[in-house]
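A.B. asks: need the 3D shape of this:
(one chain, ligands or ions: 2)
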Amino acid sequence: MSRPGVLIGCIADDFTGATDIAGTLVRAGMKTVQTIGIPDAHDPMIANAEAIVVALKSRTIAARDAVTQSLAALDFLRSVGCRQIVFKYCSTFDSTEKGNIGPVTEALAKALGQKVTIAAPSFPANGRTVYNGHLFVGHVLLNESGMQNHPLTPMKDANLVRVLQAQSKGAVGLIDLSTVLKGAEHIRAGIEKATAEGVSLLVVDAISEADLRIIGQACRDHILITGGSGIALNLPDNFRASNVLSGVDAAVLPTIAGKDVVLAGSGSLRTNLQVARWMEAARPAYRIDVMKLAAGEPVVEEAVAFFDAHADQTVLIYATSPADELRHVQAAIGAQKAGEMVEHALGRIAQSLRNRGVRRFVVAGGETSGAVVQALDVKGLRIGAPIAPGVPATVSTDDAPLALALKSGNFGEVDFFEKALLALSGGQS
Ligand SMILES: Nc1ncnc2c1ncn2[C@@H]1O[C@H](COP(=O)(O)OP(=O)(O)O)[C@@H](O)[C@H]1O
Ligand SMILES: O=C(O)[C@@H](O)C(=O)COP(=O)(O)O
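C.D. replies: Ligands and ions are numbered 1, 2, ... in the order given. Predicted coordinates for the structure are as follows:
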């Protein structure tokens, strides 16, 4: 069988989200490459890919910039022949008050000539489900899950129809669970009916992977699909059904020798627990004091000196702090500015540590991962086996490869850092 070319192209609005969906496609048996930004169409790293995930850092930037970047990613993906496009955003629908999920979806749909587009953020493996248009995290509504305190994208409303409507020009509707449970034909009929009524965006309920599978089947012919990584789990099946996948084992990565480090810039509840667990085990940890950073003190140099002083151990360098401390810092400095300062500092620290022989990086936080990966000048990632749901091991595609675990703030069990370090060093996680 001749190589069918790239089948699925994803545009991810942050870097951990990108590795999440890339890992999902790999698990589903597709040879997948994650690019950091938009590569050249002839870049050798994408030569044998069946799926390409373009990682953007567009979740919290101005909506018009997010649209421009996403359309450029779309142009690239179409130029290499992608047959289906997935716009991947967060399973907790992270967005600022002014976007960007609505504007980017509408711009992509317009460019692709698609009248109605689904929004399916549900990710049951990580406890994110959508019921009657409301997003739950575990047993609680999104706005009670800790996400209401997110440093950059506080989510204060769990009603996704309302949230998406506030960001969109077109009308937003709902395909509810009772329709999903009746099967793909009923979902298609529901989509057709909504389209006839002038709806152009449809939040779709899903509380299980089985629901997502049916939705994937129902939207087999949609050239654009949007959602979390859960929706991608079954998309490869649509291509498998037409016998165009190579079937090669997609997840074998080389082991990367060198030192390692954990960098945490997420403010999420789960990362706070993971940091606490590290300290309970009395492992070395350096806390980035954001007020000192803002005052121009040499925090980056201190963090690097801390690393040097613990040469025979793995260190954690973190800015992660509980919600009340975060609020205090944000009130003093401003949320956006504080976030940028922390990201910049962690990026510089990552550069210095690479110069000291660090080759394996565990990074917590989506924006944080974006900053670190860009500072390390990584251009692409090969995707390996999962360390936790939504977090695969990865190895950069360059000549001096780095091993990276890019973790969404809220993903992973409390011992994730240990597991990730083990997985990146070639051990079993
Ligand atoms: N102590 C802190 N004070 C202010 N901002 C912080 C602090 N710690 C982290 N941040 C910022 O909060 C943001 C966290 O976002 P992100 O890395 O995407 O984490 P998550 O994956 O949990 O969303 C980043 O911009 C980061 O720089
Ligand atoms: O869908 C998800 O939950 C993740 O893939 C994701 O996008 C993570 O974003 P951050 O929590 O900002 O890392």
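A.B. asks: and the stretch 251-400 of the chain, which of its residues are near ligand 2?
C.D. replies: Taking C-beta under 6 Å from any ligand atom as the contact definition, the stretch 251-400 of the chain meets ligand 2 at Gly365, Gly366, Gly390. Glycine gets a C-beta too; all of them are placed from N, C-alpha and C.
A.B. asks: got a winner among those for most neighbours?
C.D. replies: Gly366 (34 neighbours; other C-beta atoms under 10 Å).
A.B. asks: what's the separation between that one and Leu142?
C.D. replies: Distance, Gly366 to Leu142, using C-beta to C-beta, to the nearest Å: 16 Å.
A.B. asks: where in the protein is pLDDT low?
C.D. replies: 1-4, 243, 247-250, 428-429 (pLDDT under 70).
A.B. asks: just to check, Arg220 is in contact with Asn238?
C.D. replies: Yes - using C-beta atoms under 8 Å, Arg220 is in contact with Asn238, at 4.6 Å.
A.B. asks: one step back: just the residues of the stretch 251-400 of the chain next to ligand 2 now: which is nearest Asp40?
C.D. replies: Gly366 (25.4 Å; C-beta to C-beta).
A.B. asks: ok, now which ones touch that closest one?
C.D. replies: Contacts for Gly366 (C-beta atoms under 8 Å, 6 or more residues apart in numbering) come out as Asp14, Phe15, Thr16, Gly17, Arg59, Cys90, Asp94, Ser266, Leu406, Ser408, Gly409.
A.B. asks: pop the domain breakdown of the protein in here.
C.D. replies: If you go by automatic domain parsing, the domain ranges for the chain are 8-241, 259-424.
A.B. asks: distance between the ends of the shortest one?
C.D. replies: Pointing back at domain 259-424 there. 11 Å (C-alpha to C-alpha, to the nearest Å).
A.B. asks: report the closest residue of the stretch 1-150 of the chain relative to ligand 2.
C.D. replies: Gly17 (2.9 Å; C-beta to the nearest ligand atom).
A.B. asks: could you do the stretch 101-250 of the chain as well?
C.D. replies: Gly228 (4.2 Å).
A.B. asks: and the closest residue to that residue other than its chain neighbours, backbone torsions?
C.D. replies: Nearest non-adjacent residue to Gly228, counting by C-beta to C-beta, 6 or more residues apart in numbering: Ser91, 3.6 Å away. Dihedral pair for Ser91: phi -70, psi -10, per degrees, to the nearest 10.
A.B. asks: dump the residue contacts of Asp65.
C.D. replies: Ser58.
A.B. asks: before we move on, the earlier item: tell me the one of the contacts of Gly366 nearest Val104?
C.D. replies: Distances from Val104 to the contacts of Gly366, taken by C-beta to C-beta, are shortest for Arg59, at 9.7 Å.
A.B. asks: for the closest one, grab the count of nearby residues.
C.D. replies: Counted with other C-beta under 10 Å, Arg59 comes out at 25.
A.B. asks: quick check: closest non-adjacent residue to it.
C.D. replies: In space, Arg59 is closest to Asp13, 4.3 Å off (C-beta to C-beta, 6+ apart).
A.B. asks: for Pro103, see how far away that neighbour is.
C.D. replies: From Asp13 over to Pro103 (counting by C-beta to C-beta), the distance is 11 Å.
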